[in-house]
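1. Need coordinates for the below:
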Amino acid sequence: MPLPASLSRVKGQLVAPGTECVPGSWVSLGVCSGRSLDRFLGSLPCGTLTPDCALGFFLSSLRTLRLLSSLCVNLLTFLLFSSLRPLRPLCSLCGNLLTFSFLLVLVFPLCSCSHPTPDPSTVVFLLESSPANLDPRFGSDAQSQRLSSLLFDGLVQRDAEMNLHPDLAESWDTPTPLTYIFHLRKGVLFHDGRPVSSSDVKSTIDFMRNPANRSPKRGAFRMIASIEAPDPQTVIFHLNEPSASFLWNLERSAVGIAPANAPADFSRHPIGSGPFRFISQSQDDAVILESNPNYFRGAPKIHKVIFRIVPDTIVRALELRKGSADLELTSLSPDMIPVLARRPDLEISQRPGTNFAYLGINMEDPALSKPEVRQALAYATDRDSLIHYILRYEARKASGLLPPNHWAFDPTTPQYNYDPAQAEKLLSAAGYPRRRDGTRLNVSLKVSTEEQARLIAAALQDQWKKVGISLEVRPLEIATLFADLAKGNFQISYLKWVGANNDPDVFELVFNSKRIPPDGPNRGRYRSAQMDALTDQIRVEMDREKRKQLCHLAQQLAAHDLPYIPLWYTDVISVHNKRLGDLPLSPTGDYQFLSAP
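-> Predicted coordinates:
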């Protein structure tokens, strides 16, 4: 398939129309020569490059990176999904282009390939960002919650199916829908040796309920009227309204129990009762934890975990490759994982995840308010190809908000499989025939500036064009994107829910008409009396089986109305040192696998 003129040259020099790659040019490095990136890396033994030679190659190559990025975006726009038969080699080509900067950074350190001897009791875990606050009463970002779950215990904990089980609470009773009585385990100690008691639980929750403390978690406990601690092992919660998700708000990742006399600077040296104890934190550098020898479930097998903060994806991959780090979790691009998987000292652990990617629809838009148009967009979206060629099979097709492993998931919820003919019929029925230029409808899609989001948007452009939909893609910085969505200043958006879809109350959060901004994240302005009634019932229904049936009805209604076009659930993937073995990853992507005794 010939390339268009704009792609047939790189600054008018490197690729001539109708010819192969110019020998010796940078394009031939593992790309146009047909040599894959991993084979190229494998052909460069230690000591091949001197420091001066490697540095010269690296610096001279930097001049091409901006050009390379532009080339790759254009290639994807032209090549992705133009036809299925030639797609695999073309996307492989572009995937290698996308990882070219990865190749350059990997080449530079080859002059020194010494590998440190690993301490089998210590794990170096690479993080993209630093936890904002390790005080469980304040930390609400993903890294803070994941690390806090290693330092602290909650009253309850969840399993892979999002069922709740005892944690600090050995058992609990609900004599009325407004009363919860928790019976605490005996003999559980904080890291400083003090016993965990009911006064610690009461103090932790009361602290967050106090508006003077400005805890971002205060809203999760708005239904609490009062808390009693009649004896050291008993805590009684009195609610002012029934709440089926009340227990979920006491789950370990939501809030850990801190000592009753926690000081004002508690986040600098947090003390919990969890499987690991805090050693030190250097902002934007590292957090160091050590195993808790007195943990009531048994001390973790791993003695020390060093969480190193490495914001750059390429540098994280490099650290894993040279053996100076042991582990990362869902922080690498899909193109990098096959390259690292071929390293004899590295291994891949992967399992289906729960994070949900979707296209959000502005239900107030004149065209998109028509159900036929929303259904046409769903039928025009070839999710299988997107998952194959962009996500490299690191995702599973979604039918709705709740993932398949969830206890309230409805397997009968209809999906919109790729059917461009049906999409065209629906568009015609909605009053959008093809015009002379072949276009039926013009719409815009707002996405973040993240590379993968822009690639998905470019692929959707090509897919939807086939049914007569002209898609304008508008990448925005994340703050601007969310500001526009909150104002309703969009037609379609591409976003992900991370963690929020683990509890059925997510339907009320995102689909209830009372949750339209600024009162919630119903950014699409979806209004349905039927959905409002269902979500109000889901919130207060205490019988699990009845609640499950209500959730099934909500899933069916969302699939029919399509305020969201479901895309996929992203997998949880870890590249790690082989000595760690296959990791028992959680579908939510937490770090609890580190605490195995």
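
2. what's the domain layout of this structure?
-> 5-111, 135-140+154-268, 283-350+573-595, 356-570 (automatic domain parsing).

3. With mean pLDDT and mean neighbour count added, can I get those domains in a markdown table?
-> All C-beta atoms are positioned from the backbone trio N, CA, C, and that covers glycine. Listed next are the domains of the chain as a markdown table, based on pLDDT from 0 to 100; neighbours: other C-beta atoms under 10 Å:
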| stretch | mean pLDDT | mean neighbour count |
| --- | --- | --- |
| domain 5-111 | 38 | 16 |
| domain 135-140+154-268 | 94 | 18 |
| domain 283-350+573-595 | 95 | 18 |
| domain 356-570 | 95 | 18 |
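
4. With respect to residue 124, which of the ones you listed lies nearest?
-> domain 283-350+573-595 (4.5 Å; C-beta to C-beta).

5. For residue 525, list the residues it contacts.
-> Contacts for residue 525 (C-beta atoms under 8 Å, 6 or more residues apart in numbering) come out as 362, 363, 364, 488, 516.

6. Pull the most distant pair out of those.
-> Taking C-beta to C-beta, no two of those sit farther apart than 362 and 516, at 11.5 Å.

7. which stretches of the stretch 451-597 of the chain form helices?
-> 451-465, 478-487, 506-511, 529-540, 544-561 (DSSP state H, counting those that start in this stretch).

8. I'd guessed residue 574 sits against residue 348; true?
-> Yes. Residue 574 lies in contact with residue 348 (C-beta atoms under 8 Å); the separation is 7.1 Å.

9. quick one on the thing from earlier: a markdown table for the helices of the stretch 451-597 of the chain, including distance to residue 217?
-> Formatted as a markdown table, these follow (distance: least, C-beta to C-beta, whole Å):
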| stretch | distance to residue 217 |
| --- | --- |
| helix 451-465 | 29 |
| helix 478-487 | 20 |
| helix 506-511 | 15 |
| helix 529-540 | 18 |
| helix 544-561 | 24 |
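
10. I'd like to know which of those lies nearest to residue 202.
-> helix 529-540 (24.8 Å).

11. how far is the closest one from where the chain is centred?
-> 27 Å (C-alpha atoms, centre = their mean, to the nearest Å).

12. quick one: that helix to helix 544-561, angle?
-> Relative orientation of helix 529-540 and helix 544-561, computed by axes from the mean of the first three to the mean of the last three C-alpha atoms, to 10 degrees: 150 degrees.

13. what packs against helix 529-540?
-> helix 506-511, helix 544-561 (3 or more C-beta pairs under 8 Å, 6 or more residues apart in numbering; DSSP states H and E).

14. quick one: the closest residue to residue 213 other than its chain neighbours and residue 157, what's the gap?
-> For residue 213, ignoring the flanking residues on the chain, the nearest one in space by C-beta to C-beta, 6 or more residues apart in numbering is residue 207 at 5.6 Å. Counting by C-beta to C-beta, to the nearest Å, the gap from residue 207 to residue 157 is 21 Å.

15. same check, this time on residue 503
-> On the measure of C-beta to C-beta, residue 503 and residue 157 end up 14 Å apart.

16. Equivalent analysis for residue 400, please.
-> From residue 400 to residue 157 the distance is 25 Å (C-beta to C-beta).

17. for the residue nearest to residue 167 when sequence neighbours are not counted, what are its contacts?
-> Excluding its sequence neighbours, the residue lying closest to residue 167 (C-beta to C-beta, 6+ apart) is residue 157, at 4.2 Å. Listed by C-beta under 8 Å, 6+ apart, the contact partners of residue 157 are 164, 165, 166, 167, 251, 252.
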